[in-house]
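S.K.: the following comprises the amino acid sequence and a computationally predicted model.
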Amino acid sequence: MQNDAILVQLGYVPNNALIQQLNRIEENTVGYDKIKKHIMDLHNHLKVDDAYVAMSNSNDCFKIKIESKSPELAKEAHEKINHFSQKFKVTVHKLENKETYYIVGFKN
């Protein structure tokens with residue numbers, strides 16, 4: 001999958017700065033090539049729960065943001081993230097007191 005296509009799928013309008021940021025995320029994400037398709041699939045699955053995958057503004061990694069209005073949708077989003085992490089052996093770190101996770105990379 002090309003970087004432009006990844007950016008569009010995540011809802012961004014590709015430009016040089018975003019492509020450079022995505023390149024840094026690729027370099028910083030362990031085993032990125034093994035999990036990038038799964039990250040995009042997770043993004044699509046989370047949309048119904050008012051959650052999504054995005055590029056972090058503060059770190060060179062992908063983040064998963066849960067903005068669900070109802071506790072039921074938030075719970076479902078957390079379950080999908082945990083399932084994604086376990087099934088595809090992806091390390092994620094939940095930020096304390098926030099509905100945000102960082103995708104660290106593939107677990108060897």
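M.R.: Happy to help now that I have it.
S.K.: would you mark the buried spots in the top helix by length along the chain?
M.R.: If you go by DSSP state H, the chain has its longest helix at helix 71-87. Applying a neighbour-count criterion of 16 or more other Cβ atoms under 10 Å, one finds 73, 74, 76, 77, 78, 80, 81, 84, 85 buried in helix 71-87. For every residue, glycine as well, the C-beta is placed using N, CA and C.
S.K.: same question, stretch 39-52
M.R.: Of the residues in stretch 39-52, 39, 40, 42, 43, 45, 46, 49, 50, 51, 52 count as buried by neighbour count, 16+ other Cβ under 10 Å.
S.K.: what lies in contact with the longest helix of the chain?
M.R.: Contacts with helix 71-87, where a contact means Cβ atoms under 8 Å, 6 or more residues apart in numbering, come from 38, 42, 45-46, 49-51, 64, 66, 68, 90-92, 99, 101.
S.K.: dig out what the spatially most central residue of the chain forms beta bridges with.
M.R.: Closest to where the C-alpha atoms of the chain average out (Cα atoms, centre = their mean) is residue 53, at 3.6 Å. Beta-bridge pairing of residue 53 under DSSP bridges involves residue 64.
S.K.: okay but it is in contact with residue 47, surely?
M.R.: No: in terms of Cβ atoms under 8 Å, residue 53 does not count as a neighbour of residue 47; the distance is 9.8 Å.
S.K.: any chance of the buried residues of stretch 39-52 in TSV, with secondary structure too?
M.R.: TSV is the format used below for these (DSSP: H, G, I helix; E, B strand; the rest coil):
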residue	secondary structure
39	helix
40	helix
42	helix
43	helix
45	helix
46	helix
49	helix
50	coil
51	strand
52	strand
